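Chemist: Quick one, fold the following:
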Amino acid sequence: MKPFIKKFKLVIIAVMLGGYALISYSFVDSYFEVSKNLDIFATLFRELNIYYVDETNPGDLMKKGIDDMLASLDPYTNYIPESEIEDYRYMTTGQYGGIGALIRQDGDYVVISEPYEGFPAQKADLRAGDKILKINDTETKGKKTEDISKFLKGQPSSTIKLLIEREGEKKPIEKVINREEIKIKSVPYSGMIAQGIGYIKLTGFTENAAGEVKDALLELKKNPELKSIVLDLRGNPGGLLKEAVDIVNLFEEKGTDIVSTRGKVKDWDKTHKALNSPVDLEIPIAILIDRGSASASEIVSGALQDLDRGVVVGQRSYGKGLVQQTRPLSYNAQLKVTVAKYYTPSGRCIQALDYSHRNEDGSVDKVADSLISAFKTKNGRIVYDGGGVAPDITTETPKYSSILTSLVTKNLIFNYATKYRNEHAAIVAAKDFKLTDAEYEDFVAYLNGKDYDYTTKTEKTLDDLKEDAKDDKALDVIKADIEALKAKVMHNKKDDLVKYKPEIKQFLEEEIVSRYYFQNGRLEASFKEDIDMKEAVALLNDKERYKTVLTTIVKSEKPMFNADKDKQKNLRGPKGDIEN
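Modeler: Here you go, the predicted model:
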C-alpha cells in the first residue's frame, strides 16, 4: 500500500506542476480555483482507488472522468489516449497500415463491404460480401467490427491469413494478404461530367488535400473544352484548416484573406491569407454542399461564397465554426481542444449550436434567431452567420421511402448485389449500367420470405395518436376511427416495390456497379439521378444566370435554421463501416 501511495503522490505532484505551468501561461486570474479543484480531484481519486470496496481500474476511471468532463464543453474537444493515436493519425493524414477495405456487421459475422481499388484486399480478390470466418486461425463468430478491425490493421509488410465464406462457393477460401501503408485519397475522383464541365470530388481535408485538388484541376485544364468546374464537398466532414485555405487559394489571388480565427488566447488569433499563386482566377465554379459538409468544407464554401468566386448549390451545411488544436499530454496522450471560432472573409461565423450556453438538462440549442446577423459578400450580396453556410441555390433535400430505407439498412440491397456479382462476371461501364425490368423482377423474387417490414410515417403518426388518446382516456371514443384509417393507409410491400421502383432500382444499380468498379464506379452511377449535380450543370451552362446569382443584391430575411427539418438520411454508400 505504501509504495502505491508514494507513487501516487509523485504523480499528483507532476500533475500539479504541469497544471501550474499551464495556468501561469494564460490563466493567472483563475489560478486559485484551478489549483484548488486539482487538489480536490487528486485526493478524491486517491481515496477512491485505495478504499473502494471492490477492485478499481484507475485507468478506466480516469478515462471516464476525462471524457465526461470534456463532453460538457463541446463534441470536438476530446482526450486521445496513446492506444488511439493511430486512429487519430488516420483522421489527419488518411494513412494507416492495413488491407484497404471497409467492413460491416452482418449477423454474427463481419463481412467485407467494400475493398479499395489498388490495395491489398482488392489485389487478393477479396470481394464485397465475403464473410470473415477466421483471422490467423482465430474464430471470428460473435466478434464486432471494432474487434475485427484491430486484427486486420497492422504494420505494413506484415501478413495476415483470412478464411472467408463466399456465396456460390462450396468451401471456405483461404487468403494470405500482405498489409500495406494505406493512403486514402482526399480526391478519389475527378473528370469531365458534361460538355465543358469538369468535376472534382473532395472527401476530406487530410494532409496534401489541396495538392490533390490542384493536381486534379491542372489535369482537367489540359482538356481544351473545359469551361467550368463542379467542386463536390457533400458529405465532407472537414479536417485541416491549412488545406482549406490552400484550396481556396487555387481560385483566389495571393494575399487574399481567406479565414480568420479568434479565441481566448489572443496571441493565437490569426488571419489566414492565400500564400501561393492561384491556378485559375476566372473559371466559373459550382460548389456542392449538404448537411454532411462541415468544418473545413464550410471554410471553402463560405470563403468562395463571400468572395463571390463561385456559386454554392445544395442544402444548408452542418454549421461547425470551431477550430481545434492538439496539445501533447503525458505518456504520449493528446488533447484535441477547441481553441477558437473561425470567421469567413465577410466576418461571419457559421457555428450553428451555442455550446457556451447549455440548458439545465445539458442540451444545446441552436444560435438564437435574434442573434443572427447579416453580412455582405465582396459584391454586396447579403449572407448570414449562424446555422451553417446557406447555398445560393437551394435544392430539395433527398427524401427516401420507408421501404428503401428498410432494404438498405437490412442489407438486402447489399446482399442482392453480392448475388448479382457472383452470377455476372462483367458489366458495361459504370455510367451506362442499368438493370433491366426482368432483373428488377428477379430482385423482387429474391425478397420473397425475407424480413424487410417497416412502418410508414402515416402509420407511425396513427400509432402515436392512439397512444395519446389512451393517455387522455379518449381511446374508446376514437379507436374505431383510428383503426379504419390504419386499414386505409396500411402499406403493401409488393405494391411499394412497384411504386418506389425508380429509387430502389437506382440504389441497386449503384451497389452492383461498386462490385466491379469500386468507389469511383458507385459515384459515376449516382450521377444519373443526382439533383444537385443536374442543378449545377444547368447553372454552369447558363452564363447569364451564373453571373446574375453572383451580382444580384437581394435583401432577404434571416434564415430560420431548423436542425430537425434540415436533417437528411444519407443511404448511399457504406455507412457506419470501418476502414481496415
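
Chemist: Only C-alpha atoms, please: export stretch 469-487 in CSV.
Modeler: Taking Å, rounded to 0.1, in the frame of the first residue of the first chain, the C-alpha atoms of stretch 469-487 are listed here in CSV:
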residue,chain,number,x,y,z
ALA,A,469,-55.7,9.1,-26.9
LYS,A,470,-55.1,6.3,-24.4
ASP,A,471,-53.3,8.7,-22.1
ASP,A,472,-56.1,11.2,-22.4
LYS,A,473,-58.6,8.4,-21.7
ALA,A,474,-60.3,9.1,-25.0
LEU,A,475,-59.3,6.0,-26.9
ASP,A,476,-62.7,4.3,-26.6
VAL,A,477,-64.2,7.3,-28.4
ILE,A,478,-61.9,7.4,-31.5
LYS,A,479,-60.4,3.9,-31.5
ALA,A,480,-62.7,2.7,-34.4
ASP,A,481,-61.9,5.8,-36.4
ILE,A,482,-58.1,5.2,-36.0
GLU,A,483,-58.4,1.6,-36.9
ALA,A,484,-60.4,2.5,-40.0
LEU,A,485,-57.7,5.0,-41.1
LYS,A,486,-55.0,2.5,-40.4
ALA,A,487,-56.7,0.0,-42.7
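
Chemist: Buried ones in it, by neighbour count?
Modeler: Burial within stretch 469-487, assessed by neighbour count using 16 or more other CB atoms under 10 Å, is assigned to 469, 485. Where you see a C-beta, it was placed from the backbone N, CA and C, and this is true even at glycine.

Chemist: same question, stretch 211-224
Modeler: By neighbour count on 16+ other CB under 10 Å, the buried set for stretch 211-224 is 212-214, 216-217, 220.

Chemist: and if you look at stretch 402-410?
Modeler: Buried residues in stretch 402-410, defined by neighbour count with 16+ other CB under 10 Å: 402-404, 406-409.

Chemist: Stretch 460-467 now?
Modeler: Counting neighbours by 16+ other CB under 10 Å, one finds that the buried residues in stretch 460-467 are 462, 465-466.

Chemist: now, which of those lie within helices?
Modeler: Secondary structure from DSSP state H places 462, 465-466 of those in helices.

Chemist: What distance do you get for the closest residue to T261 other than its chain neighbours to D495?
Modeler: Counting by CB to CB, 6 or more residues apart in numbering, T261 lies nearest to A340, which is 4.1 Å off, once chain neighbours are set aside. Applying CB to CB, to the nearest Å, the value for A340 to D495 is 54 Å.

Chemist: Tell me which of the two has more neighbours.
Modeler: Per other CB atoms under 10 Å, whichever of A340 and D495 has more neighbours is A340, with 20 against 10.

Chemist: Is the more buried one in a helix, a strand, or coil?
Modeler: strand (DSSP: H, G, I helix; E, B strand; the rest coil).

Chemist: which residue is nearest the middle of this structure?
Modeler: When CA atoms, centre = their mean is applied to the chain, the residue found nearest the centroid is P237 (4.7 Å).

Chemist: check contacts around it.
Modeler: P237 makes contacts with 204, 292, 294-295, 297, 318, as judged by CB atoms under 8 Å, 6 or more residues apart in numbering.

Chemist: Can you check the pLDDT for it?
Modeler: Listed pLDDT for P237 reads 94.

Chemist: does it sit in a helix or strand, and which one?
Modeler: Taking DSSP states H and E as the definition, one finds P237 inside no helix or strand.

Chemist: pLDDT below threshold where in the stretch 1-150 of the chain?
Modeler: Scanning the stretch 1-150 of the chain for pLDDT under 70 picks out the ranges 1-29.

Chemist: Which parts of it are strands?
Modeler: Applying DSSP state E, counting those that start in this stretch to the stretch 1-150 of the chain gives strands spanning 78-80, 95-98, 101-106, 109-115, 131-135, 138-139.

Chemist: what sits up against the fourth one?
Modeler: The reference is to strand 109-115. Against strand 109-115 from outside (CB under 8 Å, 6+ apart): 100-104, 121-122, 126-133, 140-141, 143-145, 148, 164, 414, 514, 518-519, 574, 577.

Chemist: Check the last one too.
Modeler: Counting contacts by CB under 8 Å, 6+ apart, the residues outside strand 138-139 that touch it are 133, 151.

Chemist: sorry, back to before: could the buried residues of stretch 402-410 go into TSV alongside pLDDT, secondary structure and distance to T548?
Modeler: Formatted as TSV, the buried residues of stretch 402-410 follow (pLDDT from 0 to 100; DSSP: H, G, I helix; E, B strand; the rest coil; distance: CB to CB, whole Å):
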residue	pLDDT	secondary structure	distance to T548
S402	89	helix	40
I403	91	helix	41
L404	94	helix	37
S406	91	helix	43
L407	94	helix	42
V408	94	helix	39
T409	91	helix	42
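
Chemist: can you list the weak-confidence ranges in the stretch 351-500 of the chain?
Modeler: 486, 488-492.

Chemist: What segments of it are strands?
Modeler: 374-376, 382-384, 393-394.

Chemist: For I478, which of the ones you listed is the nearest?
Modeler: Closest approach to I478 among the strands of the stretch 351-500 of the chain (CB to CB): strand 393-394, 39.3 Å.

Chemist: can you map out the helices along the stretch 301-450 of the chain?
Modeler: Per DSSP state H, counting those that start in this stretch, the stretch 301-450 of the chain carries helices over the ranges 402-409, 412-423, 437-446.

Chemist: Using JSON lines, please lay out those helices together with distance to Y454.
Modeler: Listed next are the helices of the stretch 301-450 of the chain as JSON lines, based on distance: least, CB to CB, whole Å:
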{"stretch": "helix 402-409", "distance to Y454": "4"}
{"stretch": "helix 412-423", "distance to Y454": "12"}
{"stretch": "helix 437-446", "distance to Y454": "16"}
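
Chemist: list the contacts for T394?
Modeler: 314-316 are the contacts of T394 under CB under 8 Å, 6+ apart.

Chemist: Quickly list what it is bridged to.
Modeler: Going by DSSP bridges, T394 is paired in beta bridges with G314.
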